[in-house]
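> only geometry, no sequence info:
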């Protein structure tokens, strides 16, 4: 399956300008249809949900449509979709809602490859006597070893937290295999999917994660986020909203202060867009078109990643941080590297002049950068592409990088 890049790029107004955007792991460009939905919601149905009068009923239905859309996107039930402002916020809510279930002596396993969003909220339980155990990556390959996870699991392990794809490494972790190990030990699995969701179809039933979270502003939408939780798990969580919300009031007991209605409605446009990509290749409506759309996205990104990897491999001074493979099963199109002892800041600022947007630093995955000596180079240079990027844009990047390396 191939993408019609003229069609794709026409959907994103920002791409009509002079800049090439390759900092997409920090936030993708926004679809026109998403902005149109936000505009329409604010100017026609900007009222509180849940009332009997007509505009409120329409508003309620629009928010409900968002849960239904993301249920298709993730292959789950709409009642298993929790919404919030960001992945960071949703994981904090999830952590707070587990206070009643995590007792002194219970254990949580965290990785040093995760974004801090899936680390910091869980560390707060240490003050209550919960034990944190670290699943650390190999210092040379940056890979997480499944045997190491098995060795960390004990009868007191209650939760394992891991990223589906690292926002620095680009590595895709084997979530289903991890889930089988975690569940075999009687624990639950929380997956940060922020760096994965723009690149591959998500099937939470196949993955079998208990909680799975990503931010829609990395997936062509507004600043908004969604969390899947298995319904039986959500029912067990504490209520973190007003006292009169009982534990069975899912998902609303996990959405304190209500959600951003216009962003929820606007985000439907991102799901519709991926479905349209699949439909243009002949896929049936619904889940099949989501999978077909992402199949085309993955192939476009694989070709871009291979082009960049070929260039980086030609430079002896460059060290790719993570896998050098461009295979669809191995990694997403987020590539980080260092150049000897050179400052990553200097390299990125040289590229800025070519009007190509990339970035340097630790990207809030600070622990892996600090633990592996990458702070001495001002972190890593990160090129994070998505399917709307082109080979011509990548050539512009390479031309700007070449004299800087």
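That came in fine, so what should we check first? Just so it is clear, the model here is predicted, and its values are computed rather than measured.

> so where do the strands sit in the chain?
20-21, 81-84, 107-111, 131-135, 157-163, 188-192, 211-215, 225-229, 318-320, 334-339, 356-357, 359-361, 380-384 (DSSP state E).

> Using TSV, please lay out those together with mean pLDDT.
Listed next are these as TSV, based on pLDDT from 0 to 100:
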stretch	mean pLDDT
strand 20-21	98
strand 81-84	98
strand 107-111	98
strand 131-135	98
strand 157-163	98
strand 188-192	99
strand 211-215	98
strand 225-229	98
strand 318-320	98
strand 334-339	98
strand 356-357	98
strand 359-361	98
strand 380-384	98
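
> Please produce CSV containing those strands, extended by mean neighbour count and distance to residue 36.
All C-beta spots, glycine's among them, are computed from the backbone N, C-alpha and C. As requested, the strands of the chain are exported to CSV (neighbours: other C-beta atoms under 10 Å; distance: least, C-beta to C-beta, whole Å):
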stretch, mean neighbour count, distance to residue 36
strand 20-21, 22, 20
strand 81-84, 25, 20
strand 107-111, 23, 39
strand 131-135, 16, 43
strand 157-163, 24, 32
strand 188-192, 25, 30
strand 211-215, 27, 21
strand 225-229, 29, 20
strand 318-320, 17, 39
strand 334-339, 25, 29
strand 356-357, 20, 25
strand 359-361, 20, 29
strand 380-384, 28, 26
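
> Run through the residues that contact residue 360.
Neighbouring residues of residue 360 by C-beta atoms under 8 Å, 6 or more residues apart in numbering: 344-345, 347-348, 378-382.

> I misspoke; the intended subject was residue 371.
112, 136.

> ok, now which ones touch residue 76?
Residue 76 touches 204-205, 228, counting by C-beta under 8 Å, 6+ apart.

> Just the closest of these to residue 37, please.
Among those, residue 228 lies closest to residue 37 (C-beta to C-beta), at 21.8 Å.

> And for that closest one, nearest residue in space, chain neighbours not counted?
Counting by C-beta to C-beta, 6 or more residues apart in numbering, residue 228 lies nearest to residue 212, which is 4.5 Å off, once chain neighbours are set aside.

> which one of the contacts of residue 76 is nearest residue 147?
residue 204 (25.6 Å).

> if I look at the closest one, how far off is residue 70?
According to C-beta to C-beta, to the nearest Å, residue 204 stands 11 Å off from residue 70.

> Same check on residue 190?
The value you get for residue 190 to residue 70, if C-beta to C-beta is used, is 18 Å.

> Now render the strands of the chain as TSV, adding distance to residue 328.
Converted to TSV, the strands of the chain look like this (distance: least, C-beta to C-beta, whole Å):
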stretch	distance to residue 328
strand 20-21	22
strand 81-84	27
strand 107-111	23
strand 131-135	25
strand 157-163	18
strand 188-192	19
strand 211-215	19
strand 225-229	23
strand 318-320	17
strand 334-339	14
strand 356-357	24
strand 359-361	24
strand 380-384	16
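
> Quick check: which of those strands is nearest to residue 245?
Comparing those by C-beta to C-beta, strand 81-84 comes nearest, at 13.3 Å.

> What pairs with that closest one, parallel or antiparallel?
strand 225-229 (antiparallel) (DSSP bridges).
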